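>>> Below are the sequence and a predicted model for it; my questions follow.
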Amino acid sequence: MVERYVMSIDQGTTSTRCILFDHGGRLVSVTQREHKQHFPRPGWVEHDAMEIWRNLERIAPEALEHAGATPDQVAALGIANQRETSVLWDRHTGRPVGRAVVWQDTRTDSLVSELNARPDADMVRERCGLPIATYFSASRVRWLLDNTPGLRERAERGDVLFGTMESWLIWNLTGGPGGGLHITDVTNASRTLLMNLTTLAWDDDLLAFFGVPRAMLPEIRPSTETYARASRVLPGVRIAAALGDQQAALFGQTCFAPGEAKCTYGTGSFLLLNTGTEPVRSTHGLLTTVGYQIADEPAVYALEGSIAITGALVQWFRDGLGLIASAPEIETLARTVEDNGGCYIVPAFSGLFAPYWRSEARGIIVGLTSYITKGHLARAVLEATGWQTREVVDAMNADSGLALKALKVDGGMTADNLLMQFISDVLDVPVIRPMAAETVSLGAAYAAGLAVGYWADLEGLRRNWHRAAQWLPGMDPVRRDTEYDNWRRAVERTFDWIKPGGR
């Protein structure tokens, strides 16, 4: 009998990966290519969408070749993608009108301030569950329409299309200018500021508020559904799932019940809590977002806490300060001391995300004395990730009324045992890492396989999930409370650093 697989494309911020999984959820082959990061001005971050498409053209056949497989052995293809990154392209030529504007980009800062000052600004969060911030797609699309001559007219005619990266890849895979399918899924649409969370449709009032023409928008579809068959690169393969990367990780961690949560620890960190089939409106600085939607079933919603700087702080400690030669060395250095020595580092390098949403904040180191060594600084770097996680979990518990009982974790930073133990200590819940490290890719594969019957149901996916490691809390409660209070006082000192119109 010929082996069949599910293929996952993980189009991330720094690279694109293509992975084949078997029925047990095991990785069979993986290929990966990085793409260039463009920084044309301070605060601007861009990607070349054509470079990303060309990378996919190369790595997808390579993944099959490494497994000794052919396209007809691929039961389905699922795509996970960096969310919010926005690409505009010409429907007729297939060429982007410029580089894709990345989720980290802050060029829309002044536009966001103007929009937030409007008397009808509160309507935005009520409709879509998100604050008006540089993080999301709508302000980027508006900026491009305002600053590219003739672009708005072309967009209103339907000659220019908008999409996040999964839309761009699906359009190209299904024919591009020769009849490509222009779609997005509910999870990615829920990150644009343009989709109504209740109706799961583009909202006319939101489109008017941001000045985005409906003609350029993709059709919104469920996360798990056979959309079409690929006509390019993987001819005949069913494209059967699309999810934003963090929602894909939620799916890959099999967080299918309300109250189950995962946190992905990478450059930044993203904590998602399944809240069930009704959206929970946050009053504590979190994002209300779509977790996933399986075919025509009701959508499952999530609360999300987005932390801008976690792994990036370790990179700064390595590259900016030169205190370690490689990221794993930070754990060894941090273990040379018993505690942080009273030192706290708040990494508000470009403002604070959840639960504060303070774009004017900037990073600080507080509590410095002559006693502090680089070991204390290393420990403070790791503890910053733990305390930021605690702030998000506290907000989630308050919003949802669901007390977190355990946290499933994934991402590169989970290899740091000291950090994982610290997170368990400050949350006072078990922290659990699965056997499968590639949870984003696995989630996209699970969603696609589910759509075509490769996996029968959610319980079958749960049976594929296996624990690799667990950390249990052991910190004295008095110490936990004292240090958390110190952390929060440190955070307050980051506020109001950048004055309006200043630097």
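Yep, that arrived. Residues are numbered from 1 along each chain as shown.

>>> Any idea how many residues pack against residue 27?
The local packing count at residue 27 equals 16, with neighbours defined by other C-beta atoms under 10 Å. Heads up, the C-betas are built off the backbone N, CA and C, glycines and all.

>>> Tell me how far it lies from residue 292.
Between residue 27 and residue 292 the distance, using C-beta to C-beta, to the nearest Å, works out to 22 Å.

>>> Who are the packing partners of whichever strand or helix holds residue 241?
With elements delineated by DSSP states H and E, residue 241 resides in strand 238-244, which encompasses its position. Using 3 or more C-beta pairs under 8 Å, 6 or more residues apart in numbering; DSSP states H and E as the contact definition, the elements that strand 238-244 packs against are strand 74-81, helix 165-173, strand 183-185, helix 186-189, strand 224-229, helix 439-451.

>>> Most tightly packed of these?
Compared across the helices and strands packed on strand 238-244, helix 439-451 shows the largest average neighbour count, a mean of 31 (mean count of other C-beta atoms under 10 Å).

>>> Report the contact partners of residue 404.
Residues counted as contacts of residue 404 (C-beta atoms under 8 Å, 6 or more residues apart in numbering) are 259, 261, 273, 393, 396, 397, 427, 429.

>>> ok, now how distant is it from residue 116?
From residue 404 across to residue 116, the span is 31 Å (C-beta to C-beta).

>>> Provide the secondary structure category for the spatially most central residue of the chain.
Centroid-nearest residue in the chain: residue 246, 4.3 Å away (criterion: C-alpha atoms, centre = their mean). Three states are possible here, and by DSSP: H, G, I helix; E, B strand; the rest coil the one that applies to residue 246 is helix.

>>> check contacts around it.
When contacts are counted by C-beta under 8 Å, 6+ apart, residue 246 touches 83, 264, 270, 272, 304, 440.

>>> Which pLDDT does the model give it?
Listed pLDDT for residue 246 reads 93.

>>> give me the low-pLDDT residue ranges for the stretch 151-300 of the chain?
Counting by pLDDT under 70, the stretch 151-300 of the chain has no low-confidence residues at all.

>>> need the strands for it, in chain order.
Counting by DSSP state E, counting those that start in this stretch, the segments of the stretch 151-300 of the chain that form strands are 160-163, 183-185, 195-196, 201-202, 219-221, 224-229, 238-244, 261-265, 269-276, 287-292, 300-307.

>>> Output those strands as CSV; include the columns distance to residue 68.
Below are these laid out as CSV (distance: least, C-beta to C-beta, whole Å):
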stretch, distance to residue 68
strand 160-163, 34
strand 183-185, 31
strand 195-196, 42
strand 201-202, 44
strand 219-221, 33
strand 224-229, 23
strand 238-244, 21
strand 261-265, 31
strand 269-276, 35
strand 287-292, 32
strand 300-307, 37
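
>>> Report the angle between the longest helix along the chain and strand 269-276.
For the chain, the helix reaching the highest residue count under DSSP state H is reported as helix 374-400. Inter-element angle recorded for helix 374-400 and strand 269-276: 20 degrees (by axes from the mean of the first three to the mean of the last three C-alpha atoms, to 10 degrees).
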